[in-house]
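Engineer: Turn this into a model:
(chains A, B, C, D, E and F)
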4 protein chains.
Amino acid sequence: MSATRDGKTAIAPRSRSRQKILDAALHAFSRRGFHETRMDDIAALAGVAKGTLYYNFPSKSDLFAALVCEGMERFIEVLDREIVSDLPFPEHFRRLVGVHIDLLLTWRDLFVTAANPVAHGFDPETVERVEAARDRYVEYAASAIRTGQEAGYLRPCDPDLVASQVLGLFDGILRHQRRAATPLSRDVLASEFHALLTQGLLAPRPAKGTGTGKGTGKGAGTGTGTGTGTGTEIGMGTGTGTVV
Amino acid sequence: MSATRDGKTAIAPRSRSRQKILDAALHAFSRRGFHETRMDDIAALAGVAKGTLYYNFPSKSDLFAALVCEGMERFIEVLDREIVSDLPFPEHFRRLVGVHIDLLLTWRDLFVTAANPVAHGFDPETVERVEAARDRYVEYAASAIRTGQEAGYLRPCDPDLVASQVLGLFDGILRHQRRAATPLSRDVLASEFHALLTQGLLAPRPAKGTGTGKGTGKGAGTGTGTGTGTGTEIGMGTGTGTVV
Amino acid sequence: MSATRDGKTAIAPRSRSRQKILDAALHAFSRRGFHETRMDDIAALAGVAKGTLYYNFPSKSDLFAALVCEGMERFIEVLDREIVSDLPFPEHFRRLVGVHIDLLLTWRDLFVTAANPVAHGFDPETVERVEAARDRYVEYAASAIRTGQEAGYLRPCDPDLVASQVLGLFDGILRHQRRAATPLSRDVLASEFHALLTQGLLAPRPAKGTGTGKGTGKGAGTGTGTGTGTGTEIGMGTGTGTVV
Amino acid sequence: MSATRDGKTAIAPRSRSRQKILDAALHAFSRRGFHETRMDDIAALAGVAKGTLYYNFPSKSDLFAALVCEGMERFIEVLDREIVSDLPFPEHFRRLVGVHIDLLLTWRDLFVTAANPVAHGFDPETVERVEAARDRYVEYAASAIRTGQEAGYLRPCDPDLVASQVLGLFDGILRHQRRAATPLSRDVLASEFHALLTQGLLAPRPAKGTGTGKGTGKGAGTGTGTGTGTGTEIGMGTGTGTVV
DNA sequence: GATGAATGAGACTTCATTCAT
DNA sequence: AATGAATGAAGTCTCATTCAT
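Structural biologist: Okay, here's the model as predicted:
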């Protein structure tokens, strides 16, 4: 950010090292985890001496936390940019899901890295910083859910819980890609994710119908009508139309 | 294995220690994570000498892996027992969700402990063993999903992906309980979880219709059936606007 | 040693275990050395429980020392038996060499095991016991050398040094057998050993003489006798040129 | 590697530590053996922190192996320098023996340390490295023996076996010095060693002589004439009267 | 006479961090 | 701004030894 004699804002050499280190750290942490990654590994990967790590970051934990926080920052920035649209809600929602999958696949290292910090054996301060970064997303998502609810697009639910669950879904998706014999394509992931969020898992009601009388029965009869009866019949306890 | 005077087979002394250690280890690992937990801590907690740990388990990693594997084993056993019912599907599914939430809360330590082994920085072998334990659940769940699909209760989807996602949802739920100012009750968790799996997130189409005066039932009927084609026809952009 | 009802001296069961342990220990120690051999290894090899080792020997060091001492005891007993002969000295000496090679090959494990105890990192007491066992052989050999000198068969030399050197030669021979691509046969070993002890390494002086026409005999005769003064007058630099 | 103002290449600081460690390790290992020597001891003796040991050597075994290998390297270098002479063979041989004794006494720690690695209980890899170092000497010596044979100075024998035996003789000599009530002087050791290698152990033929006429008889008569009869009568087969 | 689960002192080793250059 | 040799606290693991059975 320092001004040079030619008037341009030069990327400070410090920043060079700093960025090289962050990149190397992300790569290393996401592959081997925090504890299995050595400062030597990161230094070697970044092509700098070990001392340079400490010149740029006060400690390994700080490097990790900085990585996650800055990463999440940028993640949300991109999300903010991508999210703007004046499509009608259904298209908008579908697009939103697609953007998430794209970002998820792009930043998978970050998500892998930031997942489940409690269990990593960090010092409490670092745990808190990393959790706070995840919280940023959760809050961001919860807020979007609230907006969607207010606009009548989303059904009533606990926005914070659902946002946490969505984060969990991300982990689940990445896990599947990691473990599956044949990872799924971006498009399949997006459509599966979309389907889960819009319909849940149940099949539309079979033709022979458990339904009452006409209305609903008919809708289901055509093999569709996702929205309609679903919640009603199998709802958690009350089994009435007011699902949540 | 020695017979006691009352004719029962005595629990070998070894088993005593072994179980005490596993209990202590679960407690310790789930609270402080693998790396922050010292073998001394576990020994002290189990009330045995440090050497006894190594008499029963070859290494810290092995203890951890044994813990997760045996835990998952028992988790699935319980699941197997609880899952049997001759309720009609909707009730059965509801019960299943409830059983999962109960088990999840009961075994939360195990889930926290086993989540995301890569990120914990285990050695590759241990990562594999822990992942394999999680795979057991994924396979179990995927198989259940397939059965549900064949019976026509569940819509078409990629069972393995969905099973992984469900595992992610568990993590998300536990995370919420950990982070939220006010953790939710078991019943609320269960009903939220159930709702998500059965309805997704969208609000049922508002009564006032999406435009045509003809009413919900019909609207759904003509709604081109999200459920039906999910796995096949839907590219991210191909879906029709009316779906959501 | 306990008398049984049939009047025979039964080999006490204790001795059974004891001997099995000693055999196993010799095998193990000679192959892996003292420190790399675990009490578990010995117990497994002997087919007894670990506690049985301690029932028979107070400690690992004691087991080792007992092994070496009893082994050397028996070695010398055999030597004593084999050594008696009324052959003329040259044949006797040749036979002696052969017997040594045979015993060496038979008891190689013992020699490997007992070699160089200082460097093994024993407690001083054990070092002393093992060294004392080797000393037994050195003294035995030195005494034989003295007898040979008194009888005029062996040249003057420091019997103790030479006996130590002979022990070293044993080590050297075993080392060669261990390392060489093609170990030598017992007979070649014996004849090489014999040649070294009787002739040293030098080639017989070539027939064409050392120069003077007067003949070899005289040259040797005037040669101031290496043999004679060896132990006494010879500083390294004082020897006259003609000796070798 | 940095150039200093006087134009010499400065000794890298690393080398300083490294050499200090090697010196300390030689001292410690040779006195207490490998297993009884603690890394702490070496660090303290070298005046560096324990971590510095591991900064310079990957493990205790490696430090040991490096010590032996580099030591043997230097040993042979010195031998190479010292060995050059244009003396006639007899003097040359005598000098060679003397140089060996000197080096042996100078480097006794190294020899004690490297002796019989099997018996020390090293891991197989380290055993191999140490044995390989000893092999270096054996090969060196065997090659010298071959040259001596080709030049007609040394009698036929198996050069590799003899070289191994010579190494064994070194061990024997050092052992004697360690155990004897009164260690022998350097000169006595040298002359005894020389005598063994040139004459073997047998006394020159007694006066009543197998000898021919005057010459030899006379020589032997004066208590000298080493060479004469020795080989003939007891030689393994080939020996002629003129031993050397 | 024999067992083997349990012990615990102490070893080797790791690796984040420092600091003189 | 960068380096890399040096550090040392702290952890995992080993293994001879014990003792109740």
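Engineer: Can you check which helix is longest in chain A?
Structural biologist: The helix spanning the most residues in chain A, taking DSSP state H as the definition, is helix A:124-150.
Engineer: and chain A, what are its domains?
Structural biologist: Structural domains assigned to chain A are A:1-57, A:59-200, following automatic domain parsing.
Engineer: By mean pLDDT, show me the worst of those domains.
Structural biologist: Taking each of those in turn, the one with the lowest mean pLDDT is domain A:1-57, at a mean of 82.
Engineer: near chain D at all, that domain?
Structural biologist: No: with Cβ under 8 Å from any Cβ of the partner chain as the threshold, domain A:1-57 lies outside contact range of chain D, at a closest distance of 11.7 Å. Yep, even glycine has a C-beta here, placed from its N, CA and C like the rest.
Engineer: returning to what we had before: counting neighbours, which bits of the longest helix of chain A end up buried?
Structural biologist: For helix A:124-150, the neighbour count (16 or more other Cβ atoms under 10 Å in any protein chain shown) marks A:126-127, A:129-135, A:137-138, A:140-142, A:144-145, A:148-149 as buried.
Engineer: just the helices in chain A please.
Structural biologist: Listed in chain order, the helices of chain A (DSSP H) span A:13-36, A:39-46, A:50-56, A:60-83, A:89-106, A:108-114, A:124-150, A:159-179, A:186-199, A:215-221, A:226-234.
Engineer: Most tightly packed of those?
Structural biologist: Each of the helices of chain A was given a mean neighbour count from mean count of other Cβ atoms under 10 Å in any protein chain shown, and the largest, a mean of 24, is that of helix A:226-234.
Engineer: any idea how far DNA strand E is from residue A:107?
Structural biologist: Here residue A:107 is placed at a distance of 24 Å from DNA strand E (Cβ to the nearest atom of the strand, to the nearest Å).
Engineer: Quick check: that residue touching residue A:71?
Structural biologist: Yes: checked against Cβ atoms under 8 Å, the pair residue A:107 and residue A:71 is within contact range at 6.8 Å.
Engineer: quick one on the thing from earlier: of all the helices of chain A, which one is nearest residue B:165?
Structural biologist: Comparing these against residue B:165 with Cβ to Cβ, the closest turns out to be helix A:159-179 (3.9 Å).
Engineer: follow-up on the earlier one: is the longest helix of chain A anywhere near chain B?
Structural biologist: Yes: with Cβ under 8 Å from any Cβ as the measure, helix A:124-150 is seen reaching chain B through A:131, A:134-135, A:138, A:145, A:148-149.
Engineer: Output those as a markdown table; include the columns distance to DNA strand F.
Structural biologist: Shown next, in a markdown table, are those (distance: Cβ to the nearest atom of the strand, whole Å):
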| residue | distance to DNA strand F |
| --- | --- |
| A:131 | 23 |
| A:134 | 26 |
| A:135 | 29 |
| A:138 | 32 |
| A:145 | 41 |
| A:148 | 46 |
| A:149 | 47 |
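Engineer: now, which of the residues you listed sits nearest residue A:31?
Structural biologist: Relative to residue A:31, the closest of these is residue A:134; by Cβ to Cβ it sits at 19.9 Å.
Engineer: tell me the contacts of that closest one?
Structural biologist: Taking Cβ atoms under 8 Å, 6 or more residues apart in numbering or on different chains, we find residue A:134 in contact with A:72, A:114, A:117, A:167, B:175.
Engineer: now do 7 Å
Structural biologist: For residue A:134, the set of contacting residues under the criterion of Cβ atoms under 7 Å, 6 or more residues apart in numbering or on different chains consists of A:114, A:167.
Engineer: Turn the domains of chain A into TSV, columns for distance to residue D:92.
Structural biologist: Formatted as TSV, these follow (distance: least, Cβ to Cβ, whole Å):
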stretch	distance to residue D:92
domain A:1-57	54
domain A:59-200	64
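Engineer: now the residue in chain A that chain D sits nearest to: how far from residue A:48?
Structural biologist: Here chain A gets closest to chain D at one residue, residue A:40, 11.7 Å apart by Cβ to the nearest Cβ. According to Cβ to Cβ, to the nearest Å, residue A:40 and residue A:48 sit 11 Å apart.
Engineer: and residue A:152, how many residues sit next to it?
Structural biologist: Here the neighbour count serves as a burial measure; for residue A:152 (other Cβ atoms under 10 Å in any protein chain shown) it reads 12.
Engineer: Likewise for residue A:115?
Structural biologist: Applying other Cβ under 10 Å, I find that residue A:115 has 26 neighbouring residues.
Engineer: mind listing what it touches?
Structural biologist: When contacts are counted by Cβ under 7 Å, 6+ apart, residue A:115 touches A:171, B:116, B:119.
Engineer: Tabulate those residues (TSV), appending distance to DNA strand E.
Structural biologist: Supplementary listing: the contacts of residue A:115 in TSV, determined by distance: Cβ to the nearest atom of the strand, whole Å:
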residue	distance to DNA strand E
A:171	25
B:116	19
B:119	15
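Engineer: can you list those in CSV and add distance to residue B:90?
Structural biologist: Below are these laid out as CSV (distance: Cβ to Cβ, whole Å):
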residue, distance to residue B:90
A:171, 29
B:116, 34
B:119, 38
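Engineer: Keep these, but drop any that are not near chain D.
Structural biologist: The overlap between the contacts of residue A:115 and the neighbourhood of chain D (criterion: Cβ under 7 Å from any Cβ of the partner chain) is empty.
Engineer: quick one: which of these is nearest to DNA strand F?
Structural biologist: Minimum distance to DNA strand F across these is 17.9 Å, recorded for residue B:119 (Cβ to the nearest atom of the strand).
Engineer: is any part of stretch A:45-57 close to DNA strand F?
Structural biologist: Yes: in terms of Cβ under 7 Å from any atom of the strand, part of stretch A:45-57 sits within range of DNA strand F, namely A:48-52, A:54-56.
Engineer: Would you mind measuring from the residue in chain A that DNA strand F sits nearest to to residue A:44?
Structural biologist: At 2.2 Å from DNA strand F, residue A:51 is the closest residue in chain A, using Cβ to the nearest atom of the strand. When Cβ to Cβ is applied, the distance between residue A:51 and residue A:44 equals 13 Å.
Engineer: same thing with residue A:111?
Structural biologist: From residue A:111 across to residue A:44, the span is 25 Å (Cβ to Cβ).
Engineer: sorry, back to before: compile the residues of helix A:124-150 next to chain B into TSV and extend it with columns for distance to residue A:194.
Structural biologist: Listed next are the residues of helix A:124-150 next to chain B as TSV, based on distance: Cβ to Cβ, whole Å:
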residue	distance to residue A:194
A:131	28
A:134	23
A:135	25
A:138	20
A:145	16
A:148	15
A:149	19
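Engineer: now, which of those residues sits nearest DNA strand E?
Structural biologist: Set against DNA strand E, the nearest of the residues of helix A:124-150 next to chain B by Cβ to the nearest atom of the strand is residue A:131 (19.6 Å).
Engineer: Excluding chain neighbours, what is closest to residue A:104?
Structural biologist: Closest residue in space to residue A:104, ignoring its immediate chain neighbours: residue A:170 at 5.5 Å, by Cβ to Cβ, 6 or more residues apart in numbering or on different chains.
Engineer: got a list of what that neighbour touches?
Structural biologist: Neighbours of residue A:170 in contact, by Cβ under 7 Å, 6+ apart: A:104, A:111, B:168.
Engineer: Now distance to DNA strand F too, for those, in CSV please.
Structural biologist: Formatted as CSV, the contacts of residue A:170 follow (distance: Cβ to the nearest atom of the strand, whole Å):
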residue, distance to DNA strand F
A:104, 32
A:111, 27
B:168, 29
